[in-house]
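Visitor: attaching a predicted model along with its sequence, questions to come.
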Amino acid sequence: MAAPISVVKISGHYLDDAELLGRFARVVADRDERIVIVHGGGKEISRLQEKLHIEPRYVDGLRVTDAESLALVEMVLCGSVNKRVVRQLVQAGVDAQGLSGVDRGLVRARKLQHPDVDMCFTGAVESVRPEVLTAVLDLDITPVVAPVSLGRCSNFNLNADPVAGALATAIEADNVVFISNVAGVLVDDKPVELLTALDARHLIASGVIHGGMIPKVESALEVLLAGVPRVTITDLKGWASDGGTTFIH
């Protein structure tokens with residue numbers, strides 16, 4: 001029987017810290033499952049934009065990617081960040097391979113529409129070619145995916161959270177794990193182990209889930225809605241011990 005598949009989205013908190021990224025790689029090496037890793041790299045993109053005197057622009061928390069910024073996004077996400085993650089994984093004994101949504105047409109994208117703003121080359125997932133990932137997983141290789149994806153006339157910059165959800169749905173993954181610097185949904189300073197989607201909505205409405213945790217939970221619920229059976233929000237320590245907050249239907 002094949003090992004279960006997890007799609008793991010790692011936040012910039014780990015990407016910017018070599019020691020934390022090394023710890024993440026060692027946890028991946030110890031996991032008894034097949035893993036697809038998806039990463040962003042927004043902070044690094046913004047730092048490079050500022051150095052080049054390109055002002056970062058955001059709408060509803062999403063980066064507006066003009067043509068000039070797209071070149072930086074491709075360089076950072078597909079280049080420096082992706083290879084940094086792959087390097088740490090290989091050094092930890094993981095047979096890892098870097099990919100982007102462009103490679104072999106893994107993720108096809110369309111322009112993200114906004115009623116008031118031209119989002120330029122910021123995209124949304126249109127389709128996924130699952131056999132690209134399953135073929136790699138069948139070789140016991142861990143794919144590391146940058147969310148730059150293939151459009152009809154250009155590449156697009158996508159948010160890593162929905163890319164992780166779309167990949168998980170397409171390959172029928174057993175769960176998605178969002179790893180950040182937050183241990184989970186906290187009540188009395190302890191992570192709630194299990195929440196249904198309805199429970200989560202009630203906690204948002206009552207203010208228990210608030211601030212920066214709301215978009216994390218919303219991302220988790222969107223993945224559930226797409227058909228993935230389990231979604232977990234946790235930090236690295238929680239993932240290593242199967243902790244954190246898991247959302248189910």
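Guide: All right, it came through fine. Numbers count the residues shown, from 1 in each chain.

Visitor: where do the helices of this protein begin and end?
Guide: For the chain, the helices defined by DSSP state H cover 12-15, 18-30, 42-51, 67-73, 82-91, 130-138, 160-170, 197-206, 213-225, 236-240.

Visitor: and residue 58, how many neighbours?
Guide: 12 (other Cβ atoms under 10 Å). Bear in mind the C-beta positions are built from the backbone N, C-alpha and C, glycine included.

Visitor: wait, it sits on residue 64?
Guide: Yes: the pair residue 58 / residue 64 is scored as a contact, 6.7 Å apart, by Cβ atoms under 8 Å.

Visitor: hang on, the earlier thing: which stretch among the helices of the chain approaches residue 104 most closely?
Guide: helix 130-138 (4.7 Å; Cβ to Cβ).

Visitor: low-confidence stretches in this protein?
Guide: Applying pLDDT under 70 to the chain flags no residue at all.

Visitor: against which helices or strands is the strand with the most length in the chain packed?
Guide: Using DSSP state E, we find that the single longest strand of the chain is strand 142-150. Counting contacts by 3 or more Cβ pairs under 8 Å, 6 or more residues apart in numbering; DSSP states H and E, strand 142-150 packs against strand 34-39, helix 82-91, strand 96-101, strand 107-111, helix 130-138, strand 155-157, helix 160-170.

Visitor: most packed of the ones you listed?
Guide: strand 155-157 (a mean of 26; mean count of other Cβ atoms under 10 Å).

Visitor: ok, and the closest non-adjacent residue to the residue most central in space within the chain?
Guide: Central residue of the chain (Cα atoms, centre = their mean): residue 9, 3.3 Å from the mean position. Nearest residue to residue 9, sequence neighbours excluded (Cβ to Cβ, 6 or more residues apart in numbering): residue 164, at 4.1 Å.

Visitor: among the helices and strands packed on strand 142-150, which is nearest residue 198?
Guide: Closest among the helices and strands packed on strand 142-150, using Cβ to Cβ: helix 160-170, at 19.3 Å.
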